[in-house]
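Student: Show me the folded form of this:
(chains A and B)
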Amino acid sequence: MVKDSYTTLIVTLRSFERTRSTDDVEVETSPDRQKAETPKEDPHHDLGDRQDGAGASPREPLFAAVLREVAAERERVALDDGASASRNFPYLPREVTADQVHLALEHDTNPFTNQPHTAQYKKILKARKTLPVFAHMAEFYKIFNKHQIIIMVGETGSGKTTQIPQFVAYSDLPHIKNKIVACTQTRRVAATAVAQRVADEMDVQLGQQVGYSIRFEDMTEQGTTFIKYMTDGILLRESMHDPELSRYSTIIIDDAHERTLATDILMGVLKTLARRRPDLKLIIMSATLDALKFQKYFAVSSDALPPLFKVPGRTHPVEVFYTLEEVSDYVEDAIRFVLEIHCTEEPGDILVFMTGEEEIEGVCHSIKREVKDLINAYPETVGPLECIPLYSWLPPQEQQRIFDPAPEADSPDGPPGRKVVVSTNIAESSLTIDGIVYVVDPGFSKQKVYNPNTRVESLLVSPISKESAWQRTGRAGRTRPGKCFRLYTEKYFMSELEEQTKPEILRSNLVSTVLMLVKAGIKDLVEFDYLDEPAPESLLKALEVLNHLAAVDDDGNLTTLGSIMADFPLDPQLSKMLIVSPEFKCSNEILTITAMLSVPSVWLRPSKKQEEADAAKLLFAVPGGDHLILLNVFNKYILNQHDKDWTWIHYLSAPALLQAVNVREQLERMMARFEVDLVSVQDQSEMSLSVKQALCCGFFMQVAHKVGGKRNYMTLNNQPVLLHPSCRLDTQPEWVIFNELVVTTRPFIRTVTGIRPEWLFKYANLYFDLRDWPDSETKRALMRVTKKTTGRSGARINKATRGGESGEVEELMRRLRTR
DNA sequence: GAGCACTGC
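Tutor: Residues are numbered from 1 along each chain as shown, chains lettered A, B, ... in the order given. Below you'll find the predicted structure:
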């Protein structure tokens, strides 16, 4: 029946576009690594046949001599004041050839440590040689030696992430020049895993010659590390403090096609930097074929594109099937297909993509029920089917189930068992499940959409991009040839789906980013060279918010406050609140709340134990609001940290709390550096009042007031919202501050605390100058507040201190508006 | 009456 509804019109695919670096780790890790070392060296490995350019005998400590010679050469260069010729020396930095590198790789001595190569090194080297990039080494050096900027396209399994930085190291010889080859990753796990792998490949200890740097963890050694994997965000932060990025000889941007916010901004920064630093080489690596876009972006002129270096991938072919007609209910159809595959196809596990928890649990439930019926009806032909849900906030041990083997046949001769994983997008890129042979793709995912005008974030079920669809398809071909069933027509795929998922910069809140750019001295946000320009409203709104927070003045200049705020790895609202909190004698408490607000939610709510989880949450309830509850949870966690079961019993996420501890420590160090005092109020009710006032200093733009009954509120932009069901406000105060506004089934405000409206006029009088506000229900409510508090008509003061209305900010905003 | 996935000295 599957065959009936599908047509095999398509085609065996050559290979799949990779989009995530975590793949690199697995694809490129050879099984040799796990096996015990078998020191079976061949002492007669014959390099004599090799056409090695240096013509030296491999028996000699060749590369070591080379390095000495290079060092001597460097001294000569220095002595000659840069006038020295190369003296025909063949191993000059950035002039090496693939033959020379092959020679060095085969040599008995590790040129970077002068230690003999281990047997493990040689085993891994054998595996490395089978990677597609290895066959293209000569071509790589030809291009690298000649050009400053290279665009590289390497498909899944090409080996680019692990090999290219090593190729560069053999050419740059960064250890001699006290420089570093940096390679950015979009995920922390990728940075750590790839660094470990490359350290093994280079026969060095992780953290020595090869290291990584991610938030909270710097596994590098100054003066020793010369290949450094790092998250894109870390390098971006670094560029704020050292705009020349002078420690680096070559910077490799990996997974550029993922278009994370940090990668996008980094590319803009590096493009300008490359002009100032001709000695800096850039390699932009991407898995997709839209390399032309990167080439054009980095082109010096329209007829001088940077060269493209392309390496094919290595994956198993996957057959793709489309429906002949559009499906009406993808959930029902997905269930039907899983059952069909189970009944008719060869053994092999199934991966089904759904958009969220509710769908996933529903699908699992239905599949389990229907398989039971099928097995009862056809015990001879239908084997057991294990259905496993997967989404991000599932507890880790539940997530681990996806790696369980498929169930055994019920009897020795019975039909074989099969595993089906029903997952959100998390399985598209972040988590890899081996053994998947069939993929069922309905073509939807939940995506974050941001509206800069209302500053509202929503999660919308939207069609995926073609790129996503191929990524999902590729999940079927990791261990052997597979099949992918797309629950839409080929016509729909071709004509309706976007080529790529919108880059993050186009659907994000840019307040933090803009502050960073201003801090980096980029005055003209409009002229900054974006690969994709963000919506002018996003920049405009971000600048407005920063102005209201007093991080930039009316002329668009960074204020002293803004400069400090930019150094904190926080949303500006949070850093503002934190920095002013000593004024309210509660910086200790605000520090904790800030840390808790910058980690994922600590609340666990397993679908089968929702009531228990809610009851557990009530134990932490304190009067005032959710922010104070977070403070309470953190403090209780610290008191009970010795008790391993404590978090579990209270339905709290231990990893999230641990991360909050880390963030808190990091922020505390930064506060010390900027001399932000750490102080506490002892009296509980006084503390609660202080905390709420400090909250107002950062979040005065995220205020709502009560309208009608039943948890109904209205934001300052007059958007009706509901208190999120997770809110544990004991009373329902007239005025509240909220941490986030999300639109899911309805618009909700989440993490909410009651405040006194007078505080808004007191601590944000410019923003609450009501004369500028259009008439609305909210404005009238605020007017009533000002009338009650006689003599404190904050709305009237300080207009003059705002400075010239025709300042540069106004000008910039005008230009943004007219774009 | 309830949540796609990442990330930051």
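Student: And for residue A:699, the neighbour number?
Tutor: 21 (other CB atoms under 10 Å). To be clear about C-beta, it is placed using only N, CA and C from the backbone, and glycine gets the same treatment.
Student: what's the closest non-adjacent residue to it?
Tutor: Excluding the flanking residues, the one nearest residue A:699 by CB to CB, 6 or more residues apart in numbering is residue A:737, at 4.8 Å.
Student: any weak-confidence spans in chain A?
Tutor: Within chain A, the segments meeting pLDDT under 70 span A:1-91, A:789-819.
Student: thinking again about what came up before, does the residue nearest to residue A:699 lie in a helix or a strand, and which?
Tutor: strand A:735-743 (DSSP states H and E).
Student: Distance from the chain centre to that strand, please.
Tutor: 25 Å (CA atoms, centre = their mean, to the nearest Å).
Student: for residue A:459, what are its contacts?
Tutor: A:446-449, A:742-744 (CB atoms under 8 Å, 6 or more residues apart in numbering).
Student: if we go to 6 Å?
Tutor: A:446, A:744 (CB atoms under 6 Å, 6 or more residues apart in numbering).
Student: Let's verify it: helix, strand, or coil?
Tutor: Following DSSP: H, G, I helix; E, B strand; the rest coil, residue A:459 is assigned to strand.
Student: What residues are bridge-paired with it?
Tutor: Note on residue A:459: beta-bridge partners residue A:448, judged by DSSP bridges.
Student: ok, the closest residue to residue A:587 other than its chain neighbours to DNA strand B distance?
Tutor: Of all residues not flanking residue A:587 in the chain, residue A:581 sits nearest, at 4.0 Å (CB to CB, 6+ apart). Per CB to the nearest atom of the strand, to the nearest Å, residue A:581 is found 18 Å from DNA strand B.
Student: In this structure residue A:581 contacts residue A:589, no?
Tutor: No. In terms of CB atoms under 6 Å, residue A:581 does not count as a neighbour of residue A:589; the distance is 7.8 Å.
Student: Between the two, which has more neighbouring residues?
Tutor: residue A:581 (29 against 24).
Student: could you pull out the helices for the stretch 151-300 of chain A?
Tutor: Counting by DSSP state H, counting those that start in this stretch, the segments of the stretch 151-300 of chain A that form helices are A:160-172, A:174-177, A:188-201, A:232-241, A:261-276, A:291-297.
Student: So for residue A:118, which of these sits nearest?
Tutor: Distance to residue A:118, taken as CB to CB, is lowest for helix A:188-201 among the helices of the stretch 151-300 of chain A, at 9.8 Å.
Student: sorry, back to before: of all the helices of the stretch 151-300 of chain A, which lies closest to residue A:508?
Tutor: Nearest to residue A:508, of the helices of the stretch 151-300 of chain A and by CB to CB, is helix A:261-276 at 5.8 Å.
Student: what's the angle between the closest one and helix A:232-241?
Tutor: Counting by axes from the mean of the first three to the mean of the last three CA atoms, to 10 degrees, helix A:261-276 lies at 40 degrees to helix A:232-241.
Student: Show me what helix A:261-276 is packed against.
Tutor: Packed against helix A:261-276 by the contact rule (3 or more CB pairs under 6 Å, 6 or more residues apart in numbering; DSSP states H and E) you find helix A:232-241.
Student: In the helix it packs on, which residues are buried?
Tutor: Buried residues in helix A:232-241, defined by neighbour count with 16 or more other CB atoms under 10 Å: A:232-239.
Student: Mind checking if that helix is in reach of DNA strand B?
Tutor: Yes. Helix A:232-241 reaches DNA strand B (CB under 7 Å from any atom of the strand) through A:233-234, A:236-238, A:241.
Student: Of the residues you listed, just say which sits nearest to residue A:115.
Tutor: residue A:234 (29.7 Å).
Student: quick one: contacts for residue A:565?
Tutor: A:551, A:572, A:575.
Student: Save these as CSV, and put in neighbour count and distance to residue A:438 too.
Tutor: Converted to CSV, the contacts of residue A:565 look like this (neighbours: other CB atoms under 10 Å; distance: CB to CB, whole Å):
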residue, neighbour count, distance to residue A:438
A:551, 26, 52
A:572, 23, 47
A:575, 26, 48
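Student: and the next element down the chain from the helix or strand containing residue A:635?
Tutor: If you go by DSSP H and E, residue A:635 is part of helix A:626-639. Moving toward the C-terminus from helix A:626-639, the next helix or strand (DSSP H and E) is helix A:646-649.
Student: which residues are contacting that following helix?
Tutor: With CB under 6 Å, 6+ apart as the criterion, helix A:646-649 contacts A:640, A:654.
Student: now that helix, how far from the centre of its chain.
Tutor: That offset, for helix A:646-649, works out to 29 Å (CA atoms, centre = their mean).
Student: Show me what stretch A:269-287 is in contact with.
Tutor: By CB under 6 Å, 6+ apart, stretch A:269-287 touches A:17-19, A:148-153, A:160, A:239, A:250-254, A:256-257, A:294, A:529.
Student: can you do 7 Å?
Tutor: For stretch A:269-287, the external contacting residues (CB atoms under 7 Å, 6 or more residues apart in numbering) are A:17-19, A:148-156, A:160, A:164, A:239, A:244-245, A:248-257, A:294, A:298, A:529.
Student: How about stretch A:595-613?
Tutor: Contacts for stretch A:595-613 (CB under 7 Å, 6+ apart): A:361, A:395, A:570, A:574, A:617, A:630, A:633-634, A:651-653, A:656-657, A:659-660, A:663-664, A:667, A:726, A:739.
Student: Separate out the buried members of the residues you listed.
Tutor: A:361, A:570, A:574, A:617, A:630, A:633-634, A:651-653, A:656-657, A:659-660, A:663-664, A:667, A:739.
Student: Check these one by one and keep those near DNA strand B.
Tutor: Okay, of the buried ones among the contacts of stretch A:595-613 touching DNA strand B (CB under 7 Å from any atom of the strand), that's residue A:570.
Student: Which of the buried ones among the contacts of stretch A:595-613 fall within strands?
Tutor: Taking DSSP state E, the ones among the buried ones among the contacts of stretch A:595-613 that sit in strands are residue A:739.
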